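J.: Next one to model:
(chains A and B)
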2 protein chains.
Amino acid sequence: MDPSEFRRHGHALVDWVADYLSASPRPPVLARVAPGAVEAALPDAAPEEPESFEAIMADVDRVLVPALTHWNHPGFFAYFATSASPPGVLAELLATALNQQAMLWRTSPAATELEAVATGWLRRLLGLPATFEGVIYDTASVSTLHALAAARQAAMPGVRTHGHSGTGRVYCSEQAHSSVDKGVALLGFGLEGVRRIAVDAAFAMQPDRLAAAIAEDRAAGHVPVAVVATIGTTVTTSSDPVAAIADICRREGLWLHVDAAYAGPAAMLPERAAAFDGWDLADSVVTNPHKWLLTPFDLSVLLCRRMDVVREAFSVVPDYLRTTDGDVKNLMDTGIQLGRRFRALKLWMVLRSYGAAGIREMLREHMRLARLFADWVDADAGFERLAPVPFSVVCFRACPASLQGDAEGLDRLNERLLDRVNATGEVFLSSSRLRGVVTLRLAVGNFQTRLEHVARAWELLTRETTRLLASA
Amino acid sequence: MDPSEFRRHGHALVDWVADYLSASPRPPVLARVAPGAVEAALPDAAPEEPESFEAIMADVDRVLVPALTHWNHPGFFAYFATSASPPGVLAELLATALNQQAMLWRTSPAATELEAVATGWLRRLLGLPATFEGVIYDTASVSTLHALAAARQAAMPGVRTHGHSGTGRVYCSEQAHSSVDKGVALLGFGLEGVRRIAVDAAFAMQPDRLAAAIAEDRAAGHVPVAVVATIGTTVTTSSDPVAAIADICRREGLWLHVDAAYAGPAAMLPERAAAFDGWDLADSVVTNPHKWLLTPFDLSVLLCRRMDVVREAFSVVPDYLRTTDGDVKNLMDTGIQLGRRFRALKLWMVLRSYGAAGIREMLREHMRLARLFADWVDADAGFERLAPVPFSVVCFRACPASLQGDAEGLDRLNERLLDRVNATGEVFLSSSRLRGVVTLRLAVGNFQTRLEHVARAWELLTRETTRLLASA
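T.: As a prediction, this is how the structure comes out:
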């Protein structure tokens, strides 16, 4: 494909994407294919001779599109809803063509410095002080892994050279993300290295329980390494009392990492400041613009007050990567990955395209819609809400009078309700368990989601509940 | 930006990229900006109000383009040259707009199954048996980290739960990539956990030295965990004797990981089969389509015969990610990252767009060009070649009669030569050290590189050497 063919196919593809972003009717949010359908529809081997772009796109339409779950759909309410906003998509097209690999400053001054600029802009918007330096990774799991590796380096200074021998311990709440377990296991402390602290009625970590666990571990000869506090937990979006936890960390000399992967952008809103109280005392904070900040997947930002410790944990410079560029930052020194994509471009373009005002407006609208939905749940005697709604996620379940007290029946009803609602193709919600019961979740977060989509989700939930109960 | 604005800006951007891919004259390969120039040219804070796409693109042209080092340029000969081929760029545009997040099969059946299809196609092209299962990560550093974590799980079965206490040891050659050091340190064995085995005259690992090191470590109470053999090392592209190393690993019960991040695609060529002898005996193999396989950065493939062990090391399934989709593969189980991009799309589109025949043709042409350049070096008494040329990289230096025997003078000359040649903006080469001496490297690998570019590199090298010697 030469540049003139690229031009022709590129124009056609831009039209394809524009049509996709405005499709009416929209395709089913949750894919309807059976497992194995895609593999069965494609040959076992690559073609020997080149194929035309038209032939490939025909297979995209025929085989892949029906097998997509449409994350970029206004009816996507599962997990955390995300957005590949149009400016973010264009930025990624540009970044891909430029093919920057920013391992060293000299291999991409633009990507290296724009990463500092874009994460600095984000830091200011979030209200964190300039002592926090930003670096971009792919996912929050990887950001948290880097924070925990730095925490280990701080707690066990010999680890970089000699490895660790003690049994390190990392603390987080029962509601913290599974990436803490994965990270701690990868570091070599095992899943036992994670101590999950009990939460209160609002699903927030109980600081006195944390302090007790640390004391207990010290007495048993373990090495406390870090505490992971969460602002916006994965299921209920609850927040841990960060200020109180920071106090314990300071006293105990422990690294405090704050997981605000989802909720971080809400720090831009003065009216949400309470949830973020004390997060400026953290050693590191992760937030994911690819979740609630209009940026196409993937882009996670780690803001860290002790990036020197991250570098101490990760910097390894072989001869062929030595440069004489002077006192520059080389991104390879802040991570396990040597190669670094030009991810900053899409964050920078999104921040400029929407402006701080546009982003605040979207965040507020998503929270208003979630609040509305919560009100509908609260007002309906056949439903119950299972957690507070501090941001844009509602946890709830159908709870008809006929099944009061029948725990198993309620679980089964809600599982079937979820399947039925998702089978309509108009919306996609996910579920979890809270205090042992099946919990449905509606997460507002896609840039195209409007009142009509949330209202339709509620309509489908009530309609399908009625049908399920009628057929029972 | 609504879909109609996306359409308009998208068309303009496609034209921008098409112009970029065919620019004449081309911009300087190596960026000429001073450190800090990009940061200084941009405001300290994000704008409050939205800005137009035109305004943002004006800053791209004004601030970012001069600060790019052009990896996608035919004169890029540094490190390993890479390609964002036109079909790969289009695939990434599509993947970004679709914003798939393939943590679970159900969250993207298309991305999950196309990852199996595309890595299966690649596996067949490389001649590896179907017992190798493929998974896509971002970089070879991360692929190797996963292989080493699986190796640790295999060698220390309790590590997932209890953590490790022994001092694990990983073996690789003196010429192996620094990602081995980073991975082993991250796993908690420390940099001392890497034992670098001496190489022979052709920069290949010496198996008897490997066997001796393992025996020595066992005697000292260390726990041998894995051997990393390299096919196509980072500096000289030498290859370790994989079959002999596999034999040792089998005898010792050690995981064998083969790093073919760069050279892997050459396994498609029957005439290069010797370098790959025995790699089918490995437990895992990494190769990076984003290096020598036309795929935009980033995309690394881990092919593994024991993916069950990778899953054992990494799978953690919280309630909110439990599904009832039956016996499907969930990509989140094969890695530290929970979120997974739709990276397979670009690999699949590249393989179809070029076809196996087109890819083989490119690989052979790059090797022919490197061989030609090596012949020019060999024929010139003022230069010397410093390593064999098994693939598409040439290691050499200027070595004029006037500086024979002056080790320091030769190093200084070659450092200055590199700076002068790179300052022309027409080409970009990198350097390293081999057996203590400054070594220049010419790496052919960009899809637009032709004879004229390699010839021009040689012209500039000889011209600048003459000038440097004349001014000395």
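
J.: How about the residues of the stretch 251-400 of chain A by chain B?
T.: A:290, A:296-298, A:313-314, A:316-321, A:325-328, A:336-339, A:341, A:345, A:349, A:351-358 (C-beta under 8 Å from any C-beta of the partner chain). The C-beta positions use only the backbone N, C-alpha and C, and glycine is treated the same way.

J.: Now do the nearest residue to A:Pro28 once chain neighbours are set aside, the pLDDT please.
T.: Sequence neighbours aside, A:Gly425 is the residue nearest to A:Pro28 in space, at 2.9 Å (criterion: C-beta to C-beta, 6 or more residues apart in numbering or on different chains). Listed pLDDT for A:Gly425 reads 97.

J.: What separation is there between A:Gly425 and A:Trp376?
T.: Distance of A:Gly425 to A:Trp376, computed by C-beta to C-beta, to the nearest Å: 22 Å.

J.: Could you do A:Thr439 as well?
T.: In terms of C-beta to C-beta, A:Thr439 sits 17 Å off from A:Trp376.

J.: between these two, which one's more packed in?
T.: A:Thr439 (23 against 19; other C-beta atoms under 10 Å in any protein chain shown).

J.: who's in contact with that one?
T.: A:Thr439 makes contact with A:235, A:386-387, A:395-397, A:414, A:431-433 under the criterion C-beta atoms under 8 Å, 6 or more residues apart in numbering or on different chains.

J.: tell me which element it falls in.
T.: Taking DSSP states H and E as the criterion, A:Thr439 maps to strand A:437-443.

J.: go on, A:Phe396?
T.: strand A:393-398.

J.: Could you list the residues in contact with that strand?
T.: Against strand A:393-398 from outside (C-beta under 8 Å, 6+ apart): A:80, A:235-237, A:370, A:373-374, A:377, A:382-387, A:410, A:413-414, A:417, A:432, A:434, A:437-444, A:461, A:465.

J.: Of these, just the buried ones, PyMOL syntax please.
T.: PyMOL command restricting the contacts of strand A:393-398 to the buried ones, with burial defined by 16 or more other C-beta atoms under 10 Å in any protein chain shown:
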select buried, chain A and resi 80+235+236+237+370+373+374+377+382+383+385+386+387+410+413+414+417+432+434+438+439+440+441+442+443+444+461+465
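
J.: Next step: the contacts of strand A:393-398 restricted to strands.
T.: Among those, the members falling in strands (DSSP state E) are A:383-385, A:432, A:434, A:437-443.

J.: Could you point out which of these is nearest to chain B?
T.: A:Ser432 (3.6 Å; C-beta to the nearest C-beta).

J.: give the contact list for the closest one.
T.: Counted by C-beta under 8 Å, 6+ apart, A:Ser432 has contacts A:235, A:395, A:439, A:441, B:318-320.

J.: do the same with A:Leu64
T.: Contacts of A:Leu64 (C-beta under 8 Å, 6+ apart): A:38, B:110, B:114, B:345.

J.: Any buried residues in whatever helix or strand the first one lives in, and which?
T.: What it means is A:Val38. Element membership for A:Val38 (DSSP H and E) is helix A:37-41. For helix A:37-41, the neighbour count (16+ other C-beta under 10 Å) marks A:37-39, A:41 as buried.

J.: number of nearby residues for A:Pro47?
T.: Around A:Pro47 there are 17 residues (other C-beta under 10 Å).

J.: And the closest residue to it other than its chain neighbours, its phi and psi?
T.: Excluding its sequence neighbours, the residue lying closest to A:Pro47 (C-beta to C-beta, 6+ apart) is B:Gly355, at 5.0 Å. B:Gly355 adopts backbone torsions of phi 70, psi 160, taken as degrees, to the nearest 10.

J.: In contact with the residue of the stretch 151-300 of chain A found nearest chain B, which residues?
T.: Per C-beta to the nearest C-beta, A:Gly188 is where the stretch 151-300 of chain A lies closest to chain B, at 3.0 Å. Counting by C-beta under 8 Å, 6+ apart, A:Gly188 touches A:163-164, B:152, B:159, B:163-164, B:187-189.

J.: which SS state does the residue nearest to A:Gly358 when sequence neighbours are not counted fall under?
T.: Of all residues not flanking A:Gly358 in the chain, B:Pro50 sits nearest, at 5.1 Å (C-beta to C-beta, 6+ apart). Secondary structure for B:Pro50, judged by DSSP: H, G, I helix; E, B strand; the rest coil, is coil.

J.: A:Ile56 and B:Tyr354 touch, don't they?
T.: No: between A:Ile56 and B:Tyr354 there is no contact under C-beta atoms under 8 Å: 11.4 Å.

J.: Give me the common contacts of these two.
T.: Shared contacts of A:Ile56 and B:Tyr354, counting by C-beta under 8 Å, 6+ apart, come down to B:Pro87.

J.: quick one, which of the two is more surrounded?
T.: B:Tyr354 (25 against 19).

J.: Now that one. Nearest residue, chain neighbours left out?
T.: A:Pro50 (5.7 Å).

J.: again with A:Leu90
T.: B:Leu13 (5.4 Å).

J.: That neighbour sits in which helix or strand?
T.: Judged by DSSP H and E, B:Leu13 forms part of helix B:3-21.

J.: packing partners for that helix?
T.: Under the contact definition 3 or more C-beta pairs under 8 Å, 6 or more residues apart in numbering or on different chains; DSSP states H and E, helix B:3-21 sits against helix A:3-21, helix A:86-98, helix B:53-59.

J.: Find me the pLDDT at the residue of chain A most remote from its centre, would you?
T.: The outermost residue of chain A relative to its centre, with distances by C-alpha atoms, centre = their mean, is A:Glu49 at 40.3 Å. The score at A:Glu49 is 98. That number is its pLDDT.

J.: And A:Ala55, by the same measure?
T.: 98.

J.: residues contacting it?
T.: So A:Ala55 contacts B:Arg352 (C-beta under 8 Å, 6+ apart).

J.: A:Thr295 too?
T.: A:Thr295 sits in contact with A:83, A:85, A:88, A:289, A:346-347, A:350, where contact means C-beta under 8 Å, 6+ apart.

J.: now it, nearest residue through space, not along the chain?
T.: A:Pro289 is the one closest to A:Thr295 (C-beta to C-beta, 6+ apart), at 3.9 Å.

J.: Repeat that for A:Ala111.
T.: Nearest to A:Ala111 is A:Ala102, by C-beta to C-beta, 6+ apart, at 3.8 Å.

J.: does the one you found really touch A:Ser108, like I thought?
T.: Yes: if you go by C-beta under 8 Å, A:Ala102 and A:Ser108 touch, sitting 3.9 Å apart.
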